[in-house]
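>>> Dropping a prediction and its sequence here:
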Amino acid sequence: MVKGIYILNADAYEKIYGPQERAGIAALSEIVAPPQTADSIRANMSLLAGVEVIFSGWGGPLLDEAFLAAAPKLRAVFYGAGTIRYLVTDAFWASGIPITSSYAGNAVPVAEYTLSQILFCLKRGWQHAAAVRRDKGYSRLDVPGGYGSVVGIVSLGMIGRMVCRHLQRFDLKVIAYDPFAAEADASELGVELCSLEEIFRRSDVVSLHTPWLPETVGLITGEHFAMMKPGATFINTSRGAVVREQEMIEALQQRTDLFAVLDVVWPEPPAPDSPLYTLENVVLTPHIAGSMNNECRRMGRIVVEELRRFVAGEPLRWSITREQSARMA
């Protein structure tokens, strides 16, 4: 049995690794110490001496030279959350130790949230709800609706692809922008590849799924919002920094026919005086699209499945390479 240890924030441990997940791990790994945090393990590095596998998640340890020197038997890291960019270092990549991520599990609720908002916004649901509250009566707006409308997806990463597959069930035209996507990918997903400008010009709903990388900061500009069709909606479940927020605000102030559903902004939360709190054509949700509560257990389940593969000597399904990590959020 391999020797393992949990290293992550205490609340993340409780959320990701429930009783079933802990039992699954315990059946395959001898846990050598109580769960640790990044700070507590730094204060007691001797706990790492015999560790072969690490089970981590939000608040995981920095895998630098000192950490690796204290864990000479380390053979694999299982990260029960999304991005690993805050853990890995040059020293870690040079070690050749495999690391896996549960990003596929975290993508599921984001895609579900996105789908719910795409369908709701095609009915202009938020605007109708506000009108009923304001007018204390019923009136109906013109809507794109769920038949023959155009949905634009910006970036075809894990989440963007999941959203496209969900949308295959509906009578919608789906277009996508991703400079790295091949025509074969688009065909499999049932989408038409086009330019970023076309996405904003043609779509009734635009859904952003671009990772926050140095080269994607400010990718979406005020000009993109100015191009949007009358009554169109913008949904952001990726990262706020991908959008030039002030330009977006100005565009929404000028184009009150547009609507924005923002689960992410930058900074989070917005400053107290931000117009995002008061604009009638904006809905803010507090970064809830990703895994919450019981949804986090899905990520822990992926760790258990990966551990089983590792112990059996099988290829890891969700291992991350240095090149992949550089493209991930």
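Okay, I see it.
>>> Check the gap between the residue nearest to Phe67 when sequence neighbours are not counted and Ile25 for me.
Spatial nearest neighbour of Phe67, excluding adjacent residues (CB to CB, 6 or more residues apart in numbering): Pro61 at 6.0 Å. C-beta here means a position set from N, CA and C on the backbone, and glycine is covered the same way. According to CB to CB, to the nearest Å, Pro61 and Ile25 sit 18 Å apart.
>>> so where's the stretch 201-329 of the chain uncertain?
Counting by pLDDT under 70, the stretch 201-329 of the chain has low-confidence residues at 329.
>>> hey, where'd the strands end up in it?
205-208, 233-236, 259-262, 282-284 (DSSP state E, counting those that start in this stretch).
>>> Adding mean neighbour count, write the ones you listed out as JSON lines.
Compiled in JSON lines, these are given as follows (neighbours: other CB atoms under 10 Å):
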{"stretch": "strand 205-208", "mean neighbour count": "28"}
{"stretch": "strand 233-236", "mean neighbour count": "27"}
{"stretch": "strand 259-262", "mean neighbour count": "23"}
{"stretch": "strand 282-284", "mean neighbour count": "20"}
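>>> And Phe92, how far from Ala76?
To Ala76, Phe92 is 12 Å away according to CB to CB.
>>> what is in contact with the two at once?
Residues touching both Phe92 and Ala76 by CB atoms under 8 Å, 6 or more residues apart in numbering: Ile99.
>>> And the helices in the stretch 1-150 of the chain, which stretches?
For the stretch 1-150 of the chain, applying DSSP state H, counting those that start in this stretch gives helices covering 10-16, 19-26, 38-43, 65-70, 90-95, 103-122, 125-135.
>>> what's the most buried one of those helices?
helix 103-122 (a mean of 21; mean count of other CB atoms under 10 Å).
>>> Return the alpha-carbon coordinates of that one using PDB.
What follows is helix 103-122 as a C-alpha-only set of coordinates in PDB (Å, rounded to 0.1, in the frame of the first residue of the first chain):
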ATOM      1  CA  TYR A 103     -10.500  20.100 -13.400                       C
ATOM      2  CA  ALA A 104     -12.800  17.900 -15.400                       C
ATOM      3  CA  GLY A 105     -15.000  17.500 -12.300                       C
ATOM      4  CA  ASN A 106     -15.000  21.200 -11.600                       C
ATOM      5  CA  ALA A 107     -16.000  21.900 -15.200                       C
ATOM      6  CA  VAL A 108     -19.300  20.100 -14.800                       C
ATOM      7  CA  PRO A 109     -21.200  22.600 -12.600                       C
ATOM      8  CA  VAL A 110     -19.800  25.500 -14.600                       C
ATOM      9  CA  ALA A 111     -21.200  24.000 -17.800                       C
ATOM     10  CA  GLU A 112     -24.500  23.400 -16.000                       C
ATOM     11  CA  TYR A 113     -24.700  27.000 -14.700                       C
ATOM     12  CA  THR A 114     -23.800  28.300 -18.200                       C
ATOM     13  CA  LEU A 115     -26.500  26.100 -19.900                       C
ATOM     14  CA  SER A 116     -29.100  27.300 -17.400                       C
ATOM     15  CA  GLN A 117     -28.300  30.900 -18.100                       C
ATOM     16  CA  ILE A 118     -28.100  30.500 -21.900                       C
ATOM     17  CA  LEU A 119     -31.600  29.100 -22.000                       C
ATOM     18  CA  PHE A 120     -33.000  31.500 -19.500                       C
ATOM     19  CA  CYS A 121     -31.500  34.500 -21.300                       C
ATOM     20  CA  LEU A 122     -32.800  33.400 -24.700                       C
END
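>>> Could you name the helices and strands sitting against it?
Judged by 3 or more CB pairs under 8 Å, 6 or more residues apart in numbering; DSSP states H and E, the packing partners of helix 103-122 are strand 147-154, helix 158-167, strand 205-208, strand 233-236, strand 259-262, helix 296-312.
>>> Dump those to TSV, plus distance to Thr321.
Rendered in TSV, the data for these read as follows (distance: least, CB to CB, whole Å):
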stretch	distance to Thr321
strand 147-154	24
helix 158-167	15
strand 205-208	25
strand 233-236	28
strand 259-262	32
helix 296-312	15
